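A.B. asks: Got a sequence here, can you model it:
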Amino acid sequence: MSKLFQNTTLKQLDLKNRVVMAPMTRARTSQPGNIPNELMATYYKQRANAGLIISEATQISDDSQGYSFTPGVYTDEHVKGWQPITHAVHVQGAAMFCQLWHVGRVSHPTFQNGELPIAPSALAPIETKVWISDDQGNGTMVDCIQPREMTQADINRVIKDFANSAKRAVEAGFDGVEIHGGNGYLIDQFLRTNSNKRTDKYGGTNSNRIRFLLEVVDAVIAAIGADKVGVRLAPFITFKDMNCPEIVPTILEASEELQARDIAYMHLSEADWDDAPVIPESFRIELRNLFTNTIIVAGSYTQERAEEILTKGYADLVAFGRPFVSNPDLVERLKHNYELADLDGATLFGGDGAGYIDYPTHA
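C.D. replies: This next block holds a predicted model:
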């Protein structure tokens with residue numbers, strides 16, 4: 001049997017295959033309050049043929065949001081909204097982790113009660129936009145503005161927010177949480193020299209720039225246990241003005257620290273555009289030597305590429321993103337080599353069930 005469809009384990013969890021549904025923002029929550037809803041339960045249930053589902057990026061606090069209609073997991077209403085979703089996924093035999101994020105400077109005063117977003121340093125990301133919608137779902141892309149530099153009190157509060165939302169996620173029925181440390185958001189902003197110009201213990205050296213990530217991880221481990229914690233990192237993704245010459249050695253140092261904490265997995269987010277840089281095999285080998293627990297990879301993987309990286313041992317699970325949007329039965333389509341349906345890009349963000357839960361399974 002293909003390795004992709006073999007069952008496996010993730011710490012204490014049994015997974016029915018090595019296919020992961022990658023986290024994808026879809027902006028379908030109920031308002032006010034960014035509450036998960038029945039529509040989302042149908043969406044995730046349809047795609048629970050994956051062994052593991054990682055939820056769309058989910059706010060940990062009021063000030064962690066950067067896009068309209070994205071869900072939270074820090075209030076009683078959020079927990080009640082997520083519970084039917086996790087239940088529906090579990091009934092189908094899949095596991096589900098909640099991806100926790102704070103967007104940092106990739107935000108706008110619209111989401112901050114008129115205040116400035118927070119970031120490691122007061123540097124606006126160049127050519128970076130966020131999606132802002134009115135109550136009717138009419139959205140537009142808006143430039144990010146200059147944030148304010150986080151104080152130590154801000155840092156302490158955000159760390160507590162990650163830990164609190166992790167506990168709420170477990171209460172909501174998730175099997176664990178994925179800390180979003182990539183793709184230009186707050187933790188990634190601390191990791192990179194071009195977005196982190198701090199001169200305190202959180203800036204300067206590689207060890208200092210990974211400090212915030214590790215303090216978040218330690219707080220979440222203390223809250224829910226290392227077996228329930230994953231971390232997403234994106235060393236080769238440079239959009240959102242994140243081109244940093246020091247990021248690869250920084251990520252490798254962080255990987256060694258994460259292995260020492262015995263977390264459940266590391267999720268490597270890879271560039272997925274046509275002319276994206278190819279990740280050197282030497283990096284994959286070094287990463288695997290430093291991090292021996294589960295590695296998930298994501299980034300325009302075909303079944304053939306997935307089989308290759310699993311066979312080489314550079315990864316244990318492979319995440320698929322956009323193919324899962326338009327192919328709710330993706331695992332069966334891959335298994336039987338059925339044709340994949342194309343997605344409708346116009347319905348990715350916001351709206352109703354159209355382009356969300358109405359994609360058919362293979363006839």
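A.B. asks: which residues touch the helix ranked longest in the chain?
C.D. replies: Scanning the chain for the longest helix, with DSSP state H as the assignment, gives helix 152-171. Helix 152-171 is contacted by residues 58-61, 64, 72-75, 78-79, 82, 98, 100, 102, 118, 150, 176-177, 179, 186, 200, 202, 212, 215-216, 219-220, 222-224, 228-229 when judged by CB atoms under 8 Å, 6 or more residues apart in numbering. In short, each C-beta sits where N, CA and C put it, glycine included.
A.B. asks: CA atoms only: put the helix or strand that comes right after that helix into PDB for me.
C.D. replies: Using DSSP states H and E, the helix or strand that follows helix 152-171 in sequence is strand 176-180. Extracted in PDB, the C-alpha atoms of strand 176-180 (Å, rounded to 0.1, in the frame of the first residue of the first chain):
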ATOM      1  CA  GLY A 176      -4.300  19.600  20.300                       C
ATOM      2  CA  VAL A 177      -3.200  22.900  19.000                       C
ATOM      3  CA  GLU A 178      -0.800  24.100  16.400                       C
ATOM      4  CA  ILE A 179       1.100  27.300  17.200                       C
ATOM      5  CA  HIS A 180       1.400  29.400  14.100                       C
END
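A.B. asks: which helices and strands sit right next to strand 176-180?
C.D. replies: Applying 3 or more CB pairs under 8 Å, 6 or more residues apart in numbering; DSSP states H and E, one finds that strand 176-180 makes contact with strand 95-101, helix 152-171, helix 211-224, strand 229-233.
A.B. asks: Alpha carbons of the longest one, as CSV, please.
C.D. replies: This means helix 152-171. Extracted C-alpha coordinates of helix 152-171, given in CSV (Å, rounded to 0.1, in the frame of the first residue of the first chain):
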residue,chain,number,x,y,z
GLN,A,152,7.4,43.4,28.0
ALA,A,153,3.9,43.7,29.4
ASP,A,154,2.5,43.1,25.9
ILE,A,155,4.7,40.1,25.4
ASN,A,156,3.7,38.6,28.7
ARG,A,157,0.0,39.1,27.9
VAL,A,158,0.2,37.5,24.5
ILE,A,159,2.0,34.5,25.9
LYS,A,160,-0.8,34.1,28.5
ASP,A,161,-3.4,34.5,25.6
PHE,A,162,-1.8,31.6,23.7
ALA,A,163,-1.9,29.4,26.8
ASN,A,164,-5.5,30.3,27.6
SER,A,165,-6.7,29.7,24.1
ALA,A,166,-4.9,26.3,24.1
LYS,A,167,-6.9,25.3,27.1
ARG,A,168,-10.1,26.6,25.5
ALA,A,169,-9.3,24.6,22.3
VAL,A,170,-9.0,21.4,24.3
GLU,A,171,-12.3,22.3,26.0
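A.B. asks: Would you mark the buried spots in stretch 342-357?
C.D. replies: Buried positions in stretch 342-357, judged by neighbour count with 16 or more other CB atoms under 10 Å: 343, 347, 348, 349, 350, 351, 355, 356, 357.
A.B. asks: before we move on, what about stretch 221-228?
C.D. replies: Those would be 221, 223, 224, 225, 226, 228, for stretch 221-228 by 16+ other CB under 10 Å.
A.B. asks: likewise stretch 295-306?
C.D. replies: 295, 296, 297, 298, 299, 301, 303, 306.
A.B. asks: ditto for stretch 85-98
C.D. replies: Within stretch 85-98, the residues that count as buried by 16+ other CB under 10 Å are 85, 86, 88, 89, 90, 92, 94, 95, 96, 97, 98.
A.B. asks: got it, and stretch 253-264?
C.D. replies: Neighbour-count burial for stretch 253-264 flags 253, 254, 255, 257, 258, 263, 264 (criterion: 16+ other CB under 10 Å).
A.B. asks: List just the nearest of those residues to residue 290.
C.D. replies: Proximity of these to residue 290 (CB to CB) peaks at residue 255, which lies at 4.6 Å.
A.B. asks: how about the lowest-mean-pLDDT helix or strand in the chain as PDB, C-alpha atoms only?
C.D. replies: Ranked by mean pLDDT, DSSP states H and E, the helix or strand of the chain with the weakest confidence is strand 139-143, at a mean of 91. Listed next in PDB are the C-alpha coordinates belonging to strand 139-143 (Å, rounded to 0.1, in the frame of the first residue of the first chain):
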ATOM      1  CA  GLY A 139     -14.600  43.000   1.400                       C
ATOM      2  CA  THR A 140     -11.500  44.700   0.100                       C
ATOM      3  CA  MET A 141      -7.800  44.400   0.600                       C
ATOM      4  CA  VAL A 142      -6.300  47.200   2.700                       C
ATOM      5  CA  ASP A 143      -2.600  48.100   3.300                       C
END
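A.B. asks: Sheet partners, orientation included, of it?
C.D. replies: strand 129-133 (antiparallel) (DSSP bridges).
A.B. asks: still on that earlier bit, of all pairs in the buried residues of stretch 85-98, which one is the farthest apart?
C.D. replies: Within the buried residues of stretch 85-98, two members stand farthest from each other by CB to CB: 92 and 98, at 17.1 Å.
A.B. asks: and the gap between residue 89 and residue 173?
C.D. replies: Distance, residue 89 to residue 173, using CB to CB, to the nearest Å: 9 Å.
A.B. asks: joint contacts of the two?
C.D. replies: With CB under 8 Å, 6+ apart, residue 89 and residue 173 have common neighbours residue 96.
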